[in-house]
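Asks: what would the 3D arrangement of this be:
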Amino acid sequence: MNYPIVFYPKVVMQFCHQYPLPEATSSCATSSQLQETQQFGQPVVLLTPPQPPVVLPVKLLWLIWVFWLYGAIALPLLAISWGWLWWEMLLVVAAYSCLIAAAYSYVFGCRQKLLSRYKQQILEYKQQNILFHQHLSSNKQQEFSNFKVEKEGLQTGLKIAKLELDSRNRLLKDLMSLRVSPNGTSQARQGVSEQRFLQYLQQYFEEVVQAAEFKIPLSQRSYSADFTVIHTPSGLGIDVEIDEPYSGKSKKPTHCCDADRDMRRNQLFLEWNWIVVRFTEKQVVQAPLSCCKFLAIAIAFVTGDRSYLKQLETEPDLLSVKPWTTREARAMAKSNYRLTYLSGFGVGSACDRVSKF
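Replies: Numbers count the residues shown, from 1 in each chain. You can find the predicted model right below:
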């Protein structure tokens with residue numbers, strides 16, 4: 001089992017099995033749907049209006065008559081200069097006038113047809129647009145009505161889930177009343193890395209105690225918890241331990257996976273109904289926020305309370321670390337392994353920490 005290590009008491013696991021967490025839909029979907037409703041009153045026009053036709057302007061039509069006027073004056077003058085008879089001149093002017101009139105009628109007729117067709121297209125477009133908006137508005141109203149029903153159902157479901165969660169936490173709090181409480185504060189010296197990690201724990205969790213002391217039954221000795229974190233609504237308690245590979249002064253191997261000292265300690269805390277979470281000293285020093293996130297996940301797993309996790313969800317997950325054997329711990333002590341990550345914490349005080357029992 002690699003670090004971080006978590007142990008849940010048997011009574012807690014039985015409680016989670018008997019009272020599973022209520023399922024609730026994420027509120028993210030609700031917020032996205034609320035954004036969509038802002039568009040319900042603003043139908044999007046998808047129809048393309050007709051383009052106006054290219055027609056001859058009215059001013060240019062008048063040029064045809066100006067051209068006829070100049071021709072009606074110039075032709076008689078030419079006919080007189082050429083010695084035409086009056087009736088010949090009259091025929092030429094009449095033929096010219098008929099030609100100009102026919103040209104004007106044709107151009108004017110084409111223009112009127114194009115304008116009439118464009119007006120008809122505009123009328124049809126307006127009618128289709130009205131029908132389209134009526135249909136779209138009807139659909140949006142139906143969608144909005146459906147959304148309101150879904151939203152009300154979702155809100156009701158969330159309220160029910162919250163009530164179930166509150167009731168579940170009250171039952172868990174009654175169960176946690178059996179949890180053994182510390183009987184004092186240990187006088188064991190704490191390392192600089194623990195003092196720094198305490199600041200992170202107090203930033204994200206409400207009830208945090210450092211160096212709580214627990215009396216060992218039928219013994220004169222006591223266990224000192226590095227930290228205890230209490231989830232107030234449910235009374236859930238977590239014993240947070242920071243494991244270093246060797247003692248700072250004596251270089252004696254500690255927390256080795258091939259020794260049973262930590263196993264006996266873990267078992268006793270589990271019998272006292274405490275969750276036990278173990279980090280390595282290096283994890284706490286290099287990734288304190290990821291360690292806090294791991295604790296928040298453990299709380300959410302049992303209680304369903306994700307309020308702590310929401311503050312830390314952007315933090316990366318804590319990387320796992322392989323536990324060390326006694327032989328590996330001696331090798332790390334020989335090479336002063338702890339100094340590789342404690343150099344910025346005041347090496348003398350950090351490595352001189354007294355190992356708690």
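
Asks: run the chain-centre distance for whichever strand or helix holds Thr340.
Replies: Counting by DSSP states H and E, the secondary-structure element that holds Thr340 is helix 339-342. Distance of helix 339-342 from the chain centroid (CA atoms, centre = their mean, to the nearest Å) equals 36 Å.

Asks: list the buried residues of it.
Replies: 341-342 (16 or more other CB atoms under 10 Å). Bear in mind the C-beta positions are built from the backbone N, C-alpha and C, glycine included.

Asks: now do the helices in the stretch 101-250 of the chain.
Replies: Secondary structure of the stretch 101-250 of the chain by DSSP state H, counting those that start in this stretch: the helices cover 192-204.

Asks: ranges for the strands of it?
Replies: Secondary structure of the stretch 101-250 of the chain, counting by DSSP state E, counting those that start in this stretch: strands at 184-185, 207-215, 222-231, 236-243.

Asks: which of these sits closest to Cys110?
Replies: Distances from Cys110 to each of the strands of the stretch 101-250 of the chain were compared using CB to CB; the shortest belongs to strand 222-231, at 86.2 Å.

Asks: nearest spatial neighbour of Phe308, skipping sequence neighbours?
Replies: Just to correct that, residue 308 is Tyr rather than Phe. With CB to CB, 6 or more residues apart in numbering as the measure, Ala296 is the residue that lies nearest to Tyr308, at 3.9 Å, once sequence neighbours are left out.

Asks: quick one: that neighbour from Ala72, how far?
Replies: Taken as CB to CB, to the nearest Å, the spacing of Ala296 relative to Ala72 amounts to 100 Å.

Asks: low-confidence ranges, the stretch 101-250 of the chain, go.
Replies: Scanning the stretch 101-250 of the chain with the threshold set as pLDDT under 70 gives 136-137, 139-161, 191-192.

Asks: give me the element Met13 is part of.
Replies: Met13 is part of helix 10-18 when elements are defined by DSSP H and E.

Asks: what does Leu268 give?
Replies: Assigned by DSSP H and E, Leu268 belongs to helix 261-271.

Asks: other residues contacting that helix?
Replies: With CB atoms under 8 Å, 6 or more residues apart in numbering as the contact definition, helix 261-271 has outside contacts at 7-10, 214, 216, 223, 225, 239, 243, 255, 276, 278.

Asks: alpha carbons of that helix, as CSV, please.
Replies: Presented in CSV, the C-alpha positions along helix 261-271 are these (Å, rounded to 0.1, in the frame of the first residue of the first chain):
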residue,chain,number,x,y,z
ARG,A,261,4.7,-0.7,15.3
ASP,A,262,2.5,1.6,13.1
MET,A,263,0.1,-1.3,12.4
ARG,A,264,-0.6,-1.7,16.1
ARG,A,265,-1.1,2.1,16.4
ASN,A,266,-3.4,2.2,13.4
GLN,A,267,-5.5,-0.6,14.7
LEU,A,268,-6.0,1.1,18.1
PHE,A,269,-7.1,4.4,16.5
LEU,A,270,-9.5,2.5,14.2
GLU,A,271,-11.0,0.8,17.3
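
Asks: so Tyr19 sits right up against Leu171, yeah?
Replies: Yes. Using CB atoms under 8 Å, Tyr19 is in contact with Leu171, at 6.5 Å.

Asks: burial count for Tyr223?
Replies: Residues near Tyr223, counting by other CB atoms under 10 Å, number 20.

Asks: I'd like to know how far it sits from Leu312.
Replies: Distance, Tyr223 to Leu312, by CB to CB: 28 Å.

Asks: ok, now Pro53?
Replies: Counting by CB to CB, the separation of Pro53 from Leu312 is 67 Å.

Asks: which one of those two has more residues nearby?
Replies: Neighbour count, other CB under 10 Å: between Pro53 and Leu312, Leu312 has more, with 17 against 13.

Asks: element containing the residue nearest to Tyr308, please.
Replies: Taking DSSP H and E as the criterion, Ala296 maps to helix 288-303.

Asks: one more: Val277?
Replies: Secondary structure from DSSP H and E places Val277 in strand 275-280.

Asks: after that strand, which helix or strand is next?
Replies: With elements assigned by DSSP H and E, the helix or strand that comes after strand 275-280 is helix 281-286.

Asks: identify the residues contacting that following helix?
Replies: Helix 281-286 is contacted from outside by 3-4, 191, 193-194, 196-197, 242-245, 290-291, 318-319, 321, 338, 341-342, 345, using CB under 8 Å, 6+ apart.

Asks: now restrict the residues you listed to buried residues only.
Replies: Among the contacts of helix 281-286, those scoring as buried are 3-4, 191, 193-194, 197, 242-245, 290-291, 318, 338, 341-342, 345 (criterion: 16+ other CB under 10 Å).

Asks: how much space separates the nearest residue to Trp65 once chain neighbours are set aside from Tyr70?
Replies: What sits nearest to Trp65 in space, not counting adjacent residues and going by CB to CB, 6+ apart, is Tyr104, at 7.2 Å. Tyr104 sits 15 Å away from Tyr70, going by CB to CB.

Asks: look at the two and report which has more neighbours.
Replies: Here Tyr104 and Tyr70 are compared on neighbour count by other CB under 10 Å; more neighbours surround Tyr104, at 16 against 10.

Asks: now do the contacts for Phe214.
Replies: Phe214 sits next to 180, 182-183, 222-225, 269, 272 when contact means CB under 8 Å, 6+ apart.

Asks: mind checking which of those residues are buried?
Replies: So, of those, 182, 222-225, 269, 272 end up buried under the neighbour-count rule (16+ other CB under 10 Å).
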